[in-house]
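Participant: Here is my input; please provide its structure:
(2 chains, ligands or ions: 2)
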Amino acid sequence: MTAIPDTPAGAFRLPRLGRFRGLFNAVLGIALLMGLWWLGGRAVANDPDMFAFSDFAPGPTLAALWDILSTGEVLSMSGPSLYRVGSGLAIAAALGVPLGIAVGRTTWLREITNVPFQFLRMISPLSWMPIAVMVYDTWDGAIVFLIAVAAVWPILFSTASGVRRIDPSWLKVARNLGANPFHMLFVVILPAIAVDVLTGIRLALGVAWVVLVPAEYLGVTSGLGYAINDARDILDYSRLAAVVVVIGVIGFLLDWLCMLAINKFNWVRETAH
Amino acid sequence: MIVTRLNETGADQVAAASAESTVKPIRGAHVAIRALSHTYRRSDGPVLRDMDFEIHQGEVVALLGRSGCGKSTLLHMMAGLTHPSEGEVVINGRGVRAPSPRWVMMFQAPSLYPWMTVAQNAALGLRFSRKTNEIATRVPEVLDLVDLAAFAERNAQDLSGGQQQRVALARSLATRPEMLLLDEPFSALDAFTRRSLQQDVREIARRLGLTMVLVTHDVSEAVLMADRVLVLDANPGRVAHDVTITLKEDARRAGSDAFQEEQARLMQLYTDVAHGDATTPLG
Ligand SMILES: Nc1ncnc2c1ncn2[C@@H]1O[C@H](COP(=O)(O)OP(=O)(O)OP(=O)(O)O)[C@@H](O)[C@H]1O
Ligand SMILES: [Mg+2]
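Facilitator: Ligands and ions are numbered 1, 2, ... in the order given. I've put the predicted structure just below:
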């Protein structure tokens, strides 16, 4: 007979941390990522074939990052990029939200546009590059166009699906209470789909931020993509890696802002009925 | 347990609250249905045929009929949400063309807007009819009338089904309508909440002098709430019986003898009509 242990063996448990658990796990995750990065840096440094790239390791990168941050260079680097992404997203939202509402509300419009939209959506935004460069006088214009092309689809589709899920009785009740089309839009439809629109914008932001860097490899002489290309040309790999970190951090922060907005506008509660 | 429920939804409380409230009586609407027939585009025959009846000011009328006989169709026409293919609905001497805050419909589901508070929901009719300056006085008044003053700033989703239906009632009353059109508004509620709401709504309508039209297929609901019951035939919908309910207010309880008698009488008429439909389905 074996003695029955007090605690079940086998399951691995992190220590109980109460309300700090979330924070602790987040820090743990970051530490794991840094550890992997550091290990990778060690491996590269010890490999004679890849020795030249040892500046990608955390040490040199963080030093270069400090450099970029302390000189304020990070602002002049990311400013133009943020401006391009912001303009592209604004255009995408200005087109995508009204179109999404129209498509969501009108069956025939949805049927007509379905195939063309799905077709256009699947074309990599970067494949518009040559056309964009020809059409727009400035590189900036071309990049904003590419970002808008990439960002419009998630916003449009998410808005349309939100509109289709609107409870028809909300519209009937509003009509019954004397709502005009303006009221319908601003008092009923937009609040009802706010979360869908913001979710679309969040997805669009992710796509836009990904498209931005390769788009900035070409032509322009400002922005994060350009900074990467520039660092590569002068073989300053620690600086290159630092820009990569900046891109990741800004992307993360933008996504987090979207999450905050979504939580603020989310009206769905847990209900018992 | 039972005591707390009684306190929560008890009819006496609401009656007391509305007695104290300062809501002014309204002149109820007068309705005339004139030679009204309706055929839906995709239906084979007429859904309603040659309906002709009147509803007097301040009267509570129940439309009683089997599922599918056209009760909702008729009510939507009174609300101006649908147009009859022939004939017309005349309210206070004028043909109904469009929805109006003067006659408000209440549906089976409360359909509150979940991103708004109870008070914001109740204020919608006033907001839509550009009477925002009345919101501050009217909304507390109507919430008081349905005994939900304490819930004004709660999110609409945090209320029980019965409370939500009360908010919907408050929302309908906020614009001081002359007529309420109720399409089975209590059918989703439990028996106890339903009974107390039935009594409250009749009480409120009478206190305000509102005309009220109530669609139901529940005989006891019709007897409990209505001054007059129109028993409808199906295929096509027609008024088969026009029954006046002669119960005194204090006899309008499910337990009273007079109520039982009235209910049995109406039940007999209703089943005769329903069976008549079954044997001659296309009338
Ligand atoms: N949009 C429509 N197109 C075609 N036929 C319809 C339409 N709406 C309702 N009908 C038909 O008209 C008839 C009456 O419908 P209505 O909804 O008025 O019935 P009801 O008496 O309210 O029934 P219930 O008690 O089930 O609510 C039904 O036979 C229904 O099938
Ligand atoms: Mg119905």
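Participant: which residues touch the residue of the stretch 151-283 of chain B found nearest chain A?
Facilitator: The minimum distance from the stretch 151-283 of chain B to chain A, using Cβ to the nearest Cβ, falls at B:Gln157 (4.6 Å). Every C-beta, even on glycine, is put in place using the N, C-alpha and C of the backbone. B:Gln157 sits next to A:267, A:269, A:271, B:112, B:114 when contact means Cβ atoms under 8 Å, 6 or more residues apart in numbering or on different chains.
Participant: Also B:Glu262?
Facilitator: The neighbours of B:Glu262, taking Cβ under 8 Å, 6+ apart as the test, are B:223, B:245-247.
Participant: any idea which element residue 192 lies in?
Facilitator: Because you didn't say which chain, this covers chain A. Element membership for A:Ala192, per DSSP states H and E: helix A:190-216.
Participant: my question was about chain B
Facilitator: Going by DSSP H and E, B:Phe192 is part of helix B:191-208.
Participant: and the helix or strand just after that helix, what does it pack onto?
Facilitator: Of the helices and strands lying after helix B:191-208 in sequence (DSSP H and E), the nearest is strand B:211-216. With contacts taken as 3 or more Cβ pairs under 8 Å, 6 or more residues apart in numbering or on different chains; DSSP states H and E, strand B:211-216 sits against strand B:60-64, helix B:71-79, strand B:179-183, helix B:191-208, helix B:219-225.
Participant: Name the strands paired with strand B:211-216 and say parallel or antiparallel.
Facilitator: strand B:60-64 (parallel), strand B:179-183 (parallel) (DSSP bridges).
Participant: Adding mean pLDDT, write those strands out as TSV.
Facilitator: Formatted as TSV, the strands paired with strand B:211-216 follow (pLDDT from 0 to 100):
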stretch	mean pLDDT
strand B:60-64	94
strand B:179-183	92
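Participant: who wins for proximity to B:Asp233 among the ones you listed?
Facilitator: Closest to B:Asp233 of the strands paired with strand B:211-216 is strand B:60-64 (Cβ to Cβ; 10.9 Å).
Participant: how close does A:Trp153 sit to A:Ala242?
Facilitator: Using Cβ to Cβ, to the nearest Å, A:Trp153 is found at 32 Å from A:Ala242.
Participant: hey, which helix is longest across the chain?
Facilitator: No chain was given, so I picked chain A. helix A:73-105 (DSSP state H).
Participant: Chain B was what I was after
Facilitator: helix B:257-279.
Participant: tell me the angle it makes with strand B:60-64.
Facilitator: Interaxial angle, helix B:257-279 versus strand B:60-64 (axes from the mean of the first three to the mean of the last three Cα atoms, to 10 degrees): 40 degrees.
Participant: buried residues in helix B:257-279?
Facilitator: B:259, B:262-263, B:266, B:269-270, B:273-274, B:277 (16 or more other Cβ atoms under 10 Å in any protein chain shown).
Participant: Distance from that helix to the middle of the chain?
Facilitator: Taking Cα atoms, centre = their mean, to the nearest Å, the mean C-alpha location of helix B:257-279 is offset from the chain mean by 21 Å.
Participant: What strand or helix carries the closest residue to B:Leu148 other than its chain neighbours?
Facilitator: Residue nearest to B:Leu148 in three dimensions, not counting chain neighbours: B:Arg166, with 5.6 Å by Cβ to Cβ, 6 or more residues apart in numbering or on different chains. For B:Arg166, the element it lies in under DSSP H and E is helix B:161-173.
Participant: quick one: that helix to helix B:191-208, angle?
Facilitator: Orientation check (the same axes, to 10 degrees): helix B:161-173 against helix B:191-208 gives 20 degrees.
Participant: now the longest helix of chain A against helix A:190-216, angle please.
Facilitator: Using the same axes, to 10 degrees: helix A:73-105 against helix A:190-216 is 130 degrees.
Participant: Which residue lies nearest the spatial centre of the chain?
Facilitator: No chain was given, so I picked chain A. Nearest residue to the geometric centre of chain A (Cα atoms, centre = their mean): A:Gly206, 2.1 Å.
Participant: The intended chain is chain B.
Facilitator: Using Cα atoms, centre = their mean, the most central residue of chain B is B:Leu182, at 2.6 Å.
Participant: what bridges to that one?
Facilitator: Here B:Leu182, judged by DSSP bridges, has bridge partners B:Met106, B:Leu214.
Participant: give me the number of residues near A:Thr221?
Facilitator: A:Thr221 has 10 neighbours, counted by other Cβ atoms under 10 Å in any protein chain shown.
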